Each structure stands twice: as C-alpha cells, then as structure tokens.
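Asker: Take this sequence and fold it.
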Amino acid sequence: MVMLADGAQGWPPIPAHVHVYVPDVDATYQRALAAGADGVQEPVQKADEDKRGGVKDPGGTTWWIATRVG
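Answerer: Coordinates of the predicted model:
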C-alpha cells in the first residue's frame, strides 16, 4: 500500500516522482491524460524490457508508468 496526498495546512505540496508498473502502460497513459494529467513522455520501448511513459498530475507529482514487455 502506498499513501499519497496533496498539500494541506502546515504541509505544503512538494514535487515527487513515483514509478509504478501497470498492466497496460498505453491505456494507463491515455486514462491519465483524460483525467487532466499533462504528458511528460509518451510510452516508448527503450533498451530494457520496460515500455515506459510519464505524466504529471495537477498536484505536481510526476508518475512514471511502465509495463514489462520483454
């Protein structure tokens, strides 16, 4: 379990990077954009076995999402 929250009184928001594995990186990326996230990097396959992309949510957290494909 991971708990994340926006800033609150006495706890200002700070930028964060979170990396998570998801069943379908392409679908997750599109759902995040539809929900209001900004695209950081469209999902791409690089030299390793992960297809990876990134989005930034309205609170400033950058989410790196990946699916193992290799």
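
Asker: show me what contacts the closest residue to residue 33 other than its chain neighbours?
Answerer: Spatial nearest neighbour of residue 33, excluding adjacent residues (Cβ to Cβ, 6 or more residues apart in numbering): residue 39 at 6.0 Å. Where you see a C-beta, it was placed from the backbone N, CA and C, and this is true even at glycine. The contact partners of residue 39, by Cβ atoms under 8 Å, 6 or more residues apart in numbering, come to 29, 33, 53-55.

Asker: Pull out the buried members of the residues you listed.
Answerer: By neighbour count, with 16 or more other Cβ atoms under 10 Å, the contacts of residue 39 hold 29, 53-55 as buried.

Asker: coming back round to it: list the ones among the contacts of residue 39 that fall in strands.
Answerer: Mapping the contacts of residue 39 onto strands (DSSP state E) picks out 53-55.

Asker: circling back to that earlier point, look up the residues forming beta bridges with the residue nearest to residue 33.
Answerer: residue 55 (DSSP bridges).

Asker: how much space between it and residue 58?
Answerer: Distance from residue 39 to residue 58, counting by Cβ to Cβ, to the nearest Å: 13 Å.

Asker: do the same with residue 13
Answerer: With Cβ to Cβ as the criterion, residue 13 and residue 58 are 10 Å apart.

Asker: again with residue 11
Answerer: With Cβ to Cβ as the criterion, residue 11 and residue 58 are 17 Å apart.

Asker: what's the answer for residue 44, then?
Answerer: 24 Å.

Asker: just residue 50 next, same as before
Answerer: With Cβ to Cβ as the criterion, residue 50 and residue 58 are 26 Å apart.

Asker: what's the answer for residue 8, then?
Answerer: Residue 8 is 15 Å from residue 58, by Cβ to Cβ.

Asker: Please apply the same query to residue 64.
Answerer: Taking Cβ to Cβ, one finds residue 64 at 17 Å from residue 58.

Asker: neighbour-wise, which of those two wins?
Answerer: Of the pair residue 64 and residue 58, residue 64 is the one with more neighbours under other Cβ atoms under 10 Å, namely 17 against 10.

Asker: That'll do, ta.
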